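In: this one's structure only:
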């Protein structure tokens, strides 16, 4: 006999906690069957469900979280051939990755489907069709950067109840295997026990091994044996009928012992099995040991039915009866009273749900629209009516009706009190001005009255009243002192007996003006227009004009004009009668100015013509009076000029200026006083000039030049001369020629010559005699001084000698020079009697004789010279015919002591250099005379020829040689030069390369290199750095200490570099460093760059109550608010009944804020927005509404509310 033992393990809860994870294991039941002495574990009906969390780091940034199972997978028990589905919904930041595994390590079969249900937002593992090999524990693994969350559930696949088709099995049986040695024969009983231990697929094989051919008979007996075991069920407590009410929870339970733990149990409603998994929590099956339960929640009338539990071939049944309650109102509607434009609320609760509930107003059924909001609670029992934007027309009787049941209540609407949004303000104006009183009310449907000192005002030309919309205005035109007082505006509205008023004081002050722009003196020409102008600060003020202290009543040629605050007196045609002092007087203001005639100097044109046509003539020694009349006011400055030179008063010259004339007097006139005389008259308004010719008459000057003898023989003397340079102001009429013999004193007139000729011949001479001749010029004023000749001999004709050679200058000192020359090659027919030496300063045209008597030698020492003066010399040969032509002038020579050539230049060195130039400096030579300049020469390294750096000598002691080839080596030498010659050259010690002097890199901070930059994401980041260094430094750009690479564009040159990112990102923020390096040093400069954008939103908004009637919000910081000191949060709230958000708080810098001012009985949504200088982040909204308890004083229904989420 076989003994079967049952061992029930009650539900265990095992909790193991570790430092990094927590594991929960729940084991519901396990059945162990012991047969004889062997222990065999059957396919258990136990379910496994446990969770573990393995964290990677304890430091989780704000706003991020570990994976969390919002919806957990549940254990599944199903039959072979059915399907199994595991569903899980997971959240976490960063978003977790989901994977499925079997606990045993066996791969999930290929036919399984793993997918994401986007509608329900669930991850699904679907297995079908199920086989016994699918039984295992399955893991759902959710992983992100912070942790791995693992939820493990079991899948139990039970054996199907299908019937075996032995006939079919026999048809598909394989051909007989080769005969094997059969095992020792056993009995049928032992064979059945063996078959009960092996899989069904091996039955035929085992029977063949033991020699049993009645395969069908064994299977039938084995099935009957198992049936006996399976049908063994003991019911300890059957199901019982239940009677309950609506909206309750009922539990059907029974107690039974099962001989076969794998027996199939099915709960049924009527004749249909209950689909527990798809009931959305309506039904739930539980087991506690031998107690089996069916839980039904939220019972309604449809749940009334017969419920059964089918176990194997047994069925237990019980009846569920649901009692229906009578329909009634739970409470009464209370009358309502609100102020217009508010929302009125009526609420009523029924004892049960009904489909035919209606709201009525004054007997008329109401429908849901923009005016009326009709809602029903989730349980279908509470009905709410909201009357939005209540008006007076909404006052009346509201009723709630369902069938014959009626509840009524009155709604009373109070008018909104009138308020002055902007009250009257006290007004202070000047008399004759416009006073304006204005106010703004909260309503435009009002009746207005205006009062002054309690007396009602009527509309008139004095008082202008306007009422447009909510704005009212009273205007007092041309206010007088008597208009001062208290003004009141009274406002009333229909249905409201209250008078609403606002009062203000109007003060009218006496009008006193001040001068905004005064007058200034006027100077005008006679006959031209002019005006005086005064600008007051008040255009209402009148004034009077006075001339020389008397009020102007009737002044010819004057116009008085007033244009607002501008007062003018206009003179269209200025005349002498208008000159004087003018005064403008007004109340509190006065301004004065004078009017003057301003005529420029003028001279009568006829006088100008007469002066130009008729010169002023006077004889030598007489007095010249030049008088010129003029007109001018004020009197002009008088200036006289003679031949362009200003005339000044002296002993012979006097000048006078009268009211209408200018007088120039020259006494004891001389011939040199003749010339062009110019009178210039000038005052502030103009200039006039007059010119005339003054002629002083005298006898002529002597004839010019040396007398030239054209013929000088024993029988005839023929001579020639030049006319006088100055004829004395009168034409020369004739020349008188006289002679005398040498040794005689008297002169004999030998002829007269007409002024047209300057030649004369005479034969009144004796051959061999020496004579002297003279010529005199004659005009109407007298005879000139004579032009005398040298002694000449009457005889054979001779000519003046020819040209001497060009003089040579030697033995030069600062006071004297020696002149030498050669005699002329032609003596003119007579021996050379001597030489006349002449000198002149270079640049001058005046030659001065050095000797009075002719010099017999061809050498002459000239002394009495001025030091450092440059001279030229010439020589004239003389014979009996007279002096010849002067020789060619000598080379110019400076009178100074002999000059020594300069010595060697000292201290030649390089003072600076660049890529294209080299600067040199030196000192003057220590020996020799001072140099007048320097000759600088250079040559390149690859040539031996020296070339001058300048075309002319360098005057200073420094010079920069440009146009050089970069880094080419050059050699230099220099020589000093002066009049005595060129000194010896001095060469630079070594060659110099054309390049800047070595220097470590440095930044040019004057180029506005910034140390901090803020740019908006998406715009360009451009950093420009200027620097210097020799040789040019190597430029390296770094970001946060690492060389940049990627999206930037870097341009470089010798002295600047530019870093450019065309479109920046947040990740481009950081410290940028530009590093300069050359062989002489390095330099760096840091630029702090912050790239900003619209801030990222905060996360994890939580709401809770700390103080009654308030709500406290907490959230996780936006990373951009923590990094930006200027960024902050904005808190908004919205009534659940509206779509408009209102700002509850601005400039919130923490991640916690308490919102106050919430209305009882209302539901609210809340929103948090991060804000910076760029703009706002995406909003973070509360998922559910927050409900505030109703205040007990509220007129609405008095049912208790609960604070929290609605």
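Out: Yep, that arrived. Computed from a predicted structure; not experimentally measured. Numbers count the residues shown, from 1 in each chain.

In: which residue ranges form the strands in the stretch 551-700 of the chain?
Out: Along the stretch 551-700 of the chain, counting by DSSP state E, counting those that start in this stretch, strands occupy 559-563, 566-571, 580-586, 589-597, 599-602, 616-619, 624-629, 631-633, 637-642, 645-646, 653-657, 661-666, 675-683, 686-697.

In: Out of those strands, which is closest to residue 923?
Out: For residue 923, the closest of the strands of the stretch 551-700 of the chain is strand 645-646, at 50.4 Å, according to Cβ to Cβ. The way it works is simple: take the backbone N, C-alpha and C, and place the C-beta from them, glycine included.

In: quick revisit: columns mean neighbour count, mean pLDDT and distance to residue 467 on top of the strands of the stretch 551-700 of the chain, output as a markdown table?
Out: Shown next, in a markdown table, are those (neighbours: other Cβ atoms under 10 Å; pLDDT from 0 to 100; distance: least, Cβ to Cβ, whole Å):
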| stretch | mean neighbour count | mean pLDDT | distance to residue 467 |
| --- | --- | --- | --- |
| strand 559-563 | 12 | 87 | 36 |
| strand 566-571 | 19 | 90 | 37 |
| strand 580-586 | 18 | 91 | 39 |
| strand 589-597 | 18 | 88 | 40 |
| strand 599-602 | 18 | 88 | 66 |
| strand 616-619 | 16 | 89 | 92 |
| strand 624-629 | 16 | 91 | 80 |
| strand 631-633 | 19 | 86 | 67 |
| strand 637-642 | 18 | 91 | 74 |
| strand 645-646 | 10 | 89 | 84 |
| strand 653-657 | 14 | 91 | 79 |
| strand 661-666 | 18 | 91 | 81 |
| strand 675-683 | 19 | 91 | 68 |
| strand 686-697 | 17 | 90 | 67 |
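
In: out of these, nearest to residue 1039?
Out: Across these (criterion: Cβ to Cβ), the nearest stretch is strand 566-571, sitting at 68.3 Å.

In: Adjacent strands (with direction) for that closest one?
Out: Applying DSSP bridges, strand 566-571 is found paired with strand 530-536 (antiparallel), strand 559-563 (antiparallel).

In: and residue 851, which of these is closest to it?
Out: Closest among those, once you apply Cβ to Cβ, is strand 530-536, at 77.3 Å.

In: What is the subsequent helix or strand relative to that closest one?
Out: strand 543-547 (DSSP states H and E).

In: can I get the strands paired with strand 566-571 in CSV with distance to residue 472?
Out: Shown next, in CSV, are these (distance: least, Cβ to Cβ, whole Å):
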stretch, distance to residue 472
strand 530-536, 34
strand 559-563, 35
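
In: how about the strands of the stretch 551-700 of the chain, which one is nearest residue 942?
Out: strand 645-646 (66.9 Å).

In: For the strands of the stretch 551-700 of the chain, give me a markdown table that also has distance to residue 62.
Out: Shown next, in a markdown table, are the strands of the stretch 551-700 of the chain (distance: least, Cβ to Cβ, whole Å):
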| stretch | distance to residue 62 |
| --- | --- |
| strand 559-563 | 73 |
| strand 566-571 | 71 |
| strand 580-586 | 75 |
| strand 589-597 | 73 |
| strand 599-602 | 89 |
| strand 616-619 | 111 |
| strand 624-629 | 103 |
| strand 631-633 | 93 |
| strand 637-642 | 91 |
| strand 645-646 | 95 |
| strand 653-657 | 99 |
| strand 661-666 | 101 |
| strand 675-683 | 89 |
| strand 686-697 | 88 |
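
In: how about these, which one is nearest residue 737?
Out: Among the strands of the stretch 551-700 of the chain, the nearest to residue 737 by Cβ to Cβ is strand 686-697 (25.0 Å).

In: Determine the set of other helices and strands touching that closest one.
Out: strand 599-602, helix 605-613, strand 616-619, strand 624-629, strand 675-683 (3 or more Cβ pairs under 8 Å, 6 or more residues apart in numbering; DSSP states H and E).

In: And it, how far out from the chain middle?
Out: 71 Å (Cα atoms, centre = their mean, to the nearest Å).

In: what comes into contact with it?
Out: Under the contact criterion Cβ atoms under 8 Å, 6 or more residues apart in numbering, strand 686-697 has outside partners 600-603, 607-608, 611-612, 615-620, 624, 626, 628, 630, 632, 636, 642, 666, 669-682, 728-730, 781.

In: now stretch 931-943
Out: 902, 905, 920, 922, 924-925, 945-950, 952-955, 957, 959, 961, 965, 968-979, 982-983, 985, 991.

In: for the stretch 1001-1150 of the chain, what spans make up the helices?
Out: In the stretch 1001-1150 of the chain, the helices defined using DSSP state H, counting those that start in this stretch lie at 1119-1123.

In: buried ones in the longest strand anywhere in the chain?
Out: Ranked by residue count, the top strand of the chain under DSSP state E comes out as strand 496-509. If you call a residue buried by 16 or more other Cβ atoms under 10 Å, then strand 496-509 has these buried ones: 500-502, 504, 506, 508.

In: what's the answer for stretch 438-448, then?
Out: Here stretch 438-448 shows 438-439, 441, 443, 446 as buried, counting by 16+ other Cβ under 10 Å.
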